[in-house]
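*Asks:* here's a sequence, model it:
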Amino acid sequence: MDKTISDGVQRRLYSLAADYTATAGFSCIDDRRLDDAERYFETALRLAGLGNDHVTAMRVFNCLSMVGYQRNRPSAALSAARAAQDAGATRRDPFLASLAHARAAIAHSTAGDRQAALRCLGHARDALGRADSRERPTWTDFYGPAELFALSAVVHQHLDDSAESESASHRALAGIPPQFRRNRASATARLALAQLGQGEVEQAIVTATGVYALMGADPLPPRLRTLLGDFHRGLITLAPTSAATREWTDRVHAQGDTQ
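*Replies:* So this is what the prediction gives:
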């Protein structure tokens, strides 16, 4: 009996392996195990190439841009974002192009390039407006107008546009589905940072406390703890002696959530 596997089946198997490996890499990002994440993504890229899977390749480059951002390496984040923009799947699907443009906007904003960051945000909005309702992999379910607002809030935060960041965060929270609790919690933390950036100390603390309410009894993932750590340090700098700051500090020390 001929047990030879056809080229098409081999490509599908490679594609499936690439998808699972990329998912493992993303889990490492969420846990801030960035060295492990990069190893998974290197493997996923090889598998995606063998499977001729341009969508998963785009996913990997998008995630590698996230790794560069978390490592505070704007050039690495931008290089990966540009690779995502150039992926074959991105050129064929405005929805994926929008995500790639948004990731590039974040990279430009961390590098302090205001004009490029805002230009990429504009491209992201335009591309998402052209996206159709074709079937896409489940890993893309998180993205849409609300998540684009959430990413826009990050860009404006880095550009010191606190009012714009607050507005974008509110619009994100109005649209992120309830089942995406981590996304909602992250947007809430960004909203608190934007309010703090405008000197609204008490309101910012109320907002930041909402992160705990959203996550319930679940432990905060490391990425979220890092955001709250940024908020905590900003709060201490802005209002070190206020009663609200002392109450917040007592809470986070009890939770063990500052970084």
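*Asks:* can you list the domains in the protein?
*Replies:* 7-143, 146-259 (automatic domain parsing).
*Asks:* dump these to a markdown table, plus mean neighbour count and mean pLDDT.
*Replies:* For glycine as for every other residue, the C-beta is placed from the backbone atoms N, C-alpha and C. Output for the domains of the chain, formatted as a markdown table (neighbours: other Cβ atoms under 10 Å; pLDDT from 0 to 100):
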| stretch | mean neighbour count | mean pLDDT |
| --- | --- | --- |
| domain 7-143 | 19 | 96 |
| domain 146-259 | 18 | 92 |
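*Asks:* let's verify P219: helix, strand, or coil?
*Replies:* coil (DSSP: H, G, I helix; E, B strand; the rest coil).
*Asks:* now for W248: which residues touch it?
*Replies:* By Cβ atoms under 8 Å, 6 or more residues apart in numbering, W248 lies in contact with 205, 208-209, 232, 235.
*Asks:* meant to ask about R11
*Replies:* 50-53.
*Asks:* name the SS class of T207, please.
*Replies:* helix.
*Asks:* typed the wrong thing, it's F142
*Replies:* Classified using three-state DSSP, F142 is coil.
*Asks:* please name the nearest non-neighbouring residue to R12.
*Replies:* Among residues not flanking R12 along the chain, G51 sits closest, at 6.9 Å (Cβ to Cβ, 6 or more residues apart in numbering).
*Asks:* again, but for I236
*Replies:* T245 (6.7 Å).
*Asks:* what packs against the helix or strand hosting F61?
*Replies:* Element membership for F61 (DSSP states H and E) is helix 54-70. On a contact count with 3 or more Cβ pairs under 8 Å, 6 or more residues apart in numbering; DSSP states H and E, helix 54-70 meets helix 7-30, helix 34-50, helix 74-86, helix 88-92, helix 94-110.
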